[in-house]
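Participant: just coords:
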């Protein structure tokens, strides 16, 4: 009996070892397992002129190659958000130097996507500390990119960041666009920095990649409620330098109308591959890129109601 039991334990041990080995097999699997240089899709950016807009004293937005971030001169150093991409980051560093000789002390990642997060190595080399919501760490590990420095500082729900005469409140509002998006409240001002949540004046891009639709709507409602805390103006990752809070409401209303219209067609029994040719939202015809993106938006919502995401 002991011999049989011992054999059972030995086989079980081999089984568990095999399971562990199988798990380990995937531990280092990632989009870039060798951490090799990533082919840049932003080579065109070197031909584009940057745009720097002064929003308030010491507070600027930088726009280049279709994306936007911010930098704040605090008197004790500069706080900036996303480096965008390697080409834009180099140009941004020169633009900051035209405004101030203060060094960049902090770089805040809005989220993990490379079209906003890449290019920070030049600021890291000059001593900047990188800040992100804690869930971005797992994202960066799974999608390693040598142009994306790992965060030095992480937070869970809220973090206050002070430098010189500037106080920022970093906020995580749960999953929405990715699962580590940071919203930045600039205390003592009417401004909220957020990325990829409203893109004022434009329809959502394509298939609305990496959005949780119901959490997106929920988050937009939470942002609208920040009017009670004095927020009147948002600074987005794409689009104009600033936009009124009504742009957030317009994006929420678009999503709600889109989801309701698609759901109604599905409940009527319209074939899923015909819904994009059936649904119309004429009240949003004024939005830029509706002709390019609307049918893809519809198909994304069909997928949402089909698989639950």
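Facilitator: Received the coordinates, thanks. Computed from a predicted structure; not experimentally measured.
Participant: what's around residue 182, how many residues?
Facilitator: Residues near residue 182, counting by other CB atoms under 10 Å, number 23. Glycine gets a C-beta too; all of them are placed from N, C-alpha and C.
Participant: spit out the contact partners of it.
Facilitator: 108, 109, 110, 111, 132, 133, 170, 171, 172 (CB atoms under 8 Å, 6 or more residues apart in numbering).
Participant: just residue 102 next, same as before
Facilitator: Shown in contact with residue 102 (CB under 8 Å, 6+ apart): 73, 74, 75, 76, 77, 78.
Participant: so where is the protein shaky, pLDDT-wise?
Facilitator: Across the chain, the ranges flagged by pLDDT under 70 are 1-30, 33-40.
Participant: just the strands from it, written as ranges.
Facilitator: Per DSSP state E, the chain carries strands over the ranges 51-56, 59-64, 67-73, 78-81, 104-108, 129-133, 153-155, 158-163, 166-172, 182-186, 191-193, 233-235, 243-244.
Participant: just name the most buried of those strands.
Facilitator: Burial of these is given as mean neighbour count (mean count of other CB atoms under 10 Å); strand 78-81 ranks first at a mean of 26.
Participant: give the other helices and strands that that one contacts.
Facilitator: The helices and strands touching strand 78-81, judged by 3 or more CB pairs under 8 Å, 6 or more residues apart in numbering; DSSP states H and E, are strand 67-73, helix 86-99, strand 104-108.
Participant: next one: the spatially most central residue of the chain from residue 122, what distance?
Facilitator: The chain has residue 111 as the residue nearest its centroid, 3.9 Å off, counting by CA atoms, centre = their mean. As judged by CB to CB, to the nearest Å, residue 111 and residue 122 stand 20 Å apart.
Participant: so how far is residue 282 from residue 196?
Facilitator: 26 Å.
Participant: which of those two has more neighbours?
Facilitator: Neighbours per residue, other CB under 10 Å: of residue 196 and residue 282, the larger number sits with residue 196, 25 against 7.
Participant: and the furthest pair within the contacts of residue 182?
Facilitator: 109 and 171 (13.7 Å; CB to CB).
Participant: follow-up on the earlier one: quick one: the residue nearest to the centre of the chain and residue 196 touch, right?
Facilitator: Yes. Taking CB atoms under 8 Å as the definition, residue 111 is a contact partner of residue 196 at 7.4 Å.
Participant: what sits in contact with each of those two?
Facilitator: Contacts common to residue 111 and residue 196, judged by CB under 8 Å, 6+ apart, are 177, 181.
Participant: in stretch 249-263, what's buried?
Facilitator: Neighbour counts over stretch 249-263 (16 or more other CB atoms under 10 Å) mark 249, 250, 251, 252, 253, 254, 255, 258, 259, 261, 262 as buried.
Participant: what does it contact?
Facilitator: Residues outside stretch 249-263 that contact it (CB under 8 Å, 6+ apart) are 197-200, 203-204, 213, 216-217, 220-221, 224, 275, 279-281, 283-284, 287, 297-298, 301-302, 304-305.
Participant: just the buried members of those residues?
Facilitator: Buried, going by 16+ other CB under 10 Å: 197-200, 203-204, 213, 216-217, 220, 275, 279, 281, 287, 297-298, 301-302, 304-305, out of the contacts of stretch 249-263.
Participant: how does the chain divide up, domain by domain?
Facilitator: As given by automatic domain parsing, the domain ranges for the chain are 45-196, 255-307.
Participant: and the helices in the stretch 101-250 of the chain?
Facilitator: 114-117, 121-125, 135-142, 213-224, 246-268 (DSSP state H, counting those that start in this stretch).
Participant: adding distance to residue 151, write these out as TSV.
Facilitator: Below are the helices of the stretch 101-250 of the chain laid out as TSV (distance: least, CB to CB, whole Å):
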stretch	distance to residue 151
helix 114-117	10
helix 121-125	11
helix 135-142	6
helix 213-224	22
helix 246-268	27
